[in-house]
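Peer 1: got a predicted structure here, sequence first:
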Protein chains: 2
Amino acid sequence: MSEATPGRARSGAPTLQDVAREAGVSLATASRVLNGTARRVAPAFREKVEAAAEQLGYTANLSAQATARGSSAIVALLVADIADPYFGRIAAGVARGADEAGLMLTIAITERDPQREAKLVRALRGQRPRSVILAASRTTGRANEELVTELGAYTSAGGSVVTIGPGGGTRSVGVDNVGGGRALGAALAELGYRRAIVVAAAEGVRTSDDRIAGFSEGFGSGGGTIDEVLRAGFSRDAGHDAVAAVAERIEAGTVVVGISDVVAMGVMAALRERGRTPGDDVAVAGFDDIPTSHDTVPGLTTVHVPLEELGYRALRSSLVVDAVADAPLTVEVVLRGSTPRLG
Amino acid sequence: MSEATPGRARSGAPTLQDVAREAGVSLATASRVLNGTARRVAPAFREKVEAAAEQLGYTANLSAQATARGSSAIVALLVADIADPYFGRIAAGVARGADEAGLMLTIAITERDPQREAKLVRALRGQRPRSVILAASRTTGRANEELVTELGAYTSAGGSVVTIGPGGGTRSVGVDNVGGGRALGAALAELGYRRAIVVAAAEGVRTSDDRIAGFSEGFGSGGGTIDEVLRAGFSRDAGHDAVAAVAERIEAGTVVVGISDVVAMGVMAALRERGRTPGDDVAVAGFDDIPTSHDTVPGLTTVHVPLEELGYRALRSSLVVDAVADAPLTVEVVLRGSTPRLG
DNA sequence: TTGTAGGCGTTATCAA
DNA sequence: TTGATAACGCCTACAA
């Protein structure tokens, strides 16, 4: 009556012990055939162990494995908003890379809150992930010292950090935002545009700043000038609200440039609500080339950014020891109906 | 010379031992103040421990914690494609719920491959997550027995599974696809439409089947008939390609219903390429109400599905023991420009 | 080739 | 209230 429960009514998943017992071998042998690197197990034993594992539905306890090995098979990804197609596609690339490398992916959402960002990195650290990938747009300046501290603690404990976009101090993979902005500016100037309104994120957000800087340069040397830089954010609603206020006084022949396609979508919606017709009496351009930009009517002129590839590269880069600084991914302008040739 | 390395040049993150030593207390005490539930530690000791932890940048090793406690603070999410806004929004809801509950979220991508699905559940099991949430559209029938086996092994080991959508055997949260389809059908019939072409997924995919069944019922009792059901899939390209082949012979006054908004976007693109104008000489409707449907021109008539809420509820439901079967979330028809009143 | 045993970082039981 | 100490599930010298 006081015997241990036989079989595995014991609750919880079967352990390596269970498998070993079932197969009639030692723990070590079972470990070797199931999870070990050593090939040195007699076929007969090997088979018995495999059969037992199969029959019990055994799966190695990764937590136990991690504590024993001293390293986990996890990578962590931090994104601002997983519902945003921008981050969704990056995440897809990261996930693909993780899968290829046989790693689990844990994900955390910052909701664009720098406070949360630091907190989440700390929480993530608890998993002792092989690497963490930061895809939440960080600010320069500011008191993101907490973040830096957490990151420092993590890296000095052997962790590897890769930032997507301009990485303040960490390894990073990024796209050539300045170059993309410049190319977009040049292309629009070439189409005949001379005046632009930019709907951007707050000053200090590198991605935004770089795109503006590039655009300003390219547009300027083509003879155009930026009338105004509206400070909004990266969301559809931010773009919408920023433009709603000024829609009426936008002159024909002006191009409104969203800092991202998502923003540009909001811009177009706001313009339409005010009776303007994008691609007709006002031009609109974006940045990123999310799928929607292709399907919308008129098509949105934008700068194609290989987001999935970006995520994939970040993951790969995070797994290698020597920081071979990849060249930033090149981007290219995609002209569509939202910016018809002028005149 | 043979002493243990002093301080913490030891590599790796600081351990609870390090903290305890630094604070001059026992391991047990340090554990109690940092991770334990027990309030019973003298303030003086408590402070010393907290200071030491802070100074060392200590974070509990979740793996070790999990093996010791016998349970992890992880939930796993399985989605078909994280770049798809449909799954992205669900994931956002799940992530929010996980965050609220203080759980880490690990995510895996099935790429719509049933084979992978089973394999991934098995891999996920290794984490011994508190619960796993399935958002990859499962097929009925078919040899998804492997999946069922894995799921069985997981649940019988104490795990909890929640399926989003029709859950074959598992607990599930879902939307009323039949009701939504019915309402959409009725609304279109009321607008004067009498003929419809449905672009759906393969037969056997419950979400698709339910939506079609509901639509057929609602549209039929309004006097309409379904001319044809095209078998495509859930992607934009599937919708595009399916319709591209038949675009020319679609008569005016016909409404093309995509099984999801993403599909409907592809449908509209294909129609345009063939010289048709959605919302003018052909009507289009979708299902889900993703943000794009609102911003596109003409707006896409669709059935609003609260995806984020769905993910959130799935997470919550997965954490509670007694299966209080929530009523399926109600959905509602949103009429937009893509289906103008006929005649 | 196989098994024994000690260790990984925590938790939790039980004395003190 | 505090501190040894035995688990937890697994890996890996080391010995057999």
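Peer 2: Done, it's in. Numbering: from 1, shown residues only, chains lettered A, B, ... in the order given.
Peer 1: residue contacts, residue A:336?
Peer 2: Residue A:336 makes contact with A:293-294, A:298-302, according to CB atoms under 8 Å, 6 or more residues apart in numbering or on different chains. Any C-beta I mention is one placed from the backbone N, CA and C, and that applies to glycine too.
Peer 1: swap in residue A:225?
Peer 2: Taking CB under 8 Å, 6+ apart, we find residue A:225 in contact with A:194-196, A:219.
Peer 1: for the residues you listed, which one is nearest DNA strand D?
Peer 2: Distance ranking of these against DNA strand D, using CB to the nearest atom of the strand, places residue A:219 first at 57.4 Å.
Peer 1: my guess is that closest one meets residue A:190, correct?
Peer 2: No - with contact defined as CB atoms under 8 Å, residue A:219 does not count as touching residue A:190 (10.1 Å).
Peer 1: who's more crowded, those two?
Peer 2: It is residue A:219, of residue A:219 and residue A:190, that has more neighbours when counted by other CB atoms under 10 Å in any protein chain shown, with 27 against 15.
Peer 1: circling back: out of the contacts of residue A:225, which sit inside strands?
Peer 2: Assignment to strands by DSSP state E places the following of those there: A:195-196.
Peer 1: beta partners of residue A:285?
Peer 2: The bridge-partner assignment for residue A:285, based on DSSP bridges, gives residue A:257, residue A:301.
Peer 1: typed the wrong thing, it's residue A:198
Peer 2: Applying DSSP bridges, one finds that residue A:198 bridges with residue A:229, residue A:257.
Peer 1: which parts of chain A are strands?
Peer 2: Under the criterion DSSP E, chain A contains strands at A:74-79, A:104-109, A:131-134, A:160-164, A:171-173, A:195-200, A:225-231, A:254-258, A:283-285, A:302-304, A:332-334.
Peer 1: how about the second one, does it reach DNA strand D?
Peer 2: No - judged by CB under 7 Å from any atom of the strand, strand A:104-109 and DNA strand D are separated, with a smallest distance of 14.9 Å.
Peer 1: and the strands of chain A as TSV, adding mean pLDDT and distance to residue B:156?
Peer 2: Supplementary listing: the strands of chain A in TSV, determined by pLDDT from 0 to 100; distance: least, CB to CB, whole Å:
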stretch	mean pLDDT	distance to residue B:156
strand A:74-79	98	26
strand A:104-109	98	22
strand A:131-134	97	34
strand A:160-164	94	38
strand A:171-173	91	43
strand A:195-200	98	54
strand A:225-231	97	55
strand A:254-258	98	52
strand A:283-285	98	56
strand A:302-304	98	49
strand A:332-334	97	52
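Peer 1: so which of those comes closest to DNA strand C?
Peer 2: Closest approach to DNA strand C among those (CB to the nearest atom of the strand): strand A:74-79, 15.0 Å.
Peer 1: of all pairs in the contacts of residue A:336, which one is the farthest apart?
Peer 2: For the contacts of residue A:336, the farthest-apart pair by CB to CB is A:298 and A:302; their separation is 12.0 Å.
Peer 1: quick one, which of those two is more surrounded?
Peer 2: Relative neighbour count places residue A:302 above the other of residue A:298 and residue A:302, with 29 against 18, counting by other CB under 10 Å.
Peer 1: now the phi/psi pair for residue A:60, please.
Peer 2: For residue A:60, the backbone dihedrals (degrees, to the nearest 10) come out as phi -60, psi 140.
Peer 1: please name the nearest non-neighbouring residue to it.
Peer 2: Taking CB to CB, 6 or more residues apart in numbering or on different chains, and ignoring the residues beside it in sequence, residue A:60 has residue A:35 as its nearest neighbour in space, at 5.2 Å.
Peer 1: how close does that neighbour get to residue A:218?
Peer 2: Look at residue A:35 and residue A:218: by CB to CB, to the nearest Å, they are 55 Å apart.
Peer 1: ok, these two, which is more surrounded?
Peer 2: The residue with more neighbours, out of residue A:35 and residue A:218, is residue A:218; 24 against 13, by other CB under 10 Å.
Peer 1: report the contact partners of the more buried one.
Peer 2: By CB under 8 Å, 6+ apart, the neighbours of residue A:218 are A:181-187, A:189.
Peer 1: rewinding a little: dump the contacts of residue A:336 into CSV; add distance to DNA strand D as well.
Peer 2: CSV is the format used below for these (distance: CB to the nearest atom of the strand, whole Å):
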residue, distance to DNA strand D
A:293, 47
A:294, 47
A:298, 57
A:299, 52
A:300, 50
A:301, 53
A:302, 48
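Peer 1: out of these, who's nearest residue B:136?
Peer 2: Distance ranking of those against residue B:136, using CB to CB, places residue A:294 first at 25.6 Å.
Peer 1: could you report the neighbour count for residue A:16?
Peer 2: 20.
Peer 1: do the same with residue A:320
Peer 2: The local packing count at residue A:320 equals 11, with neighbours defined by other CB under 10 Å.
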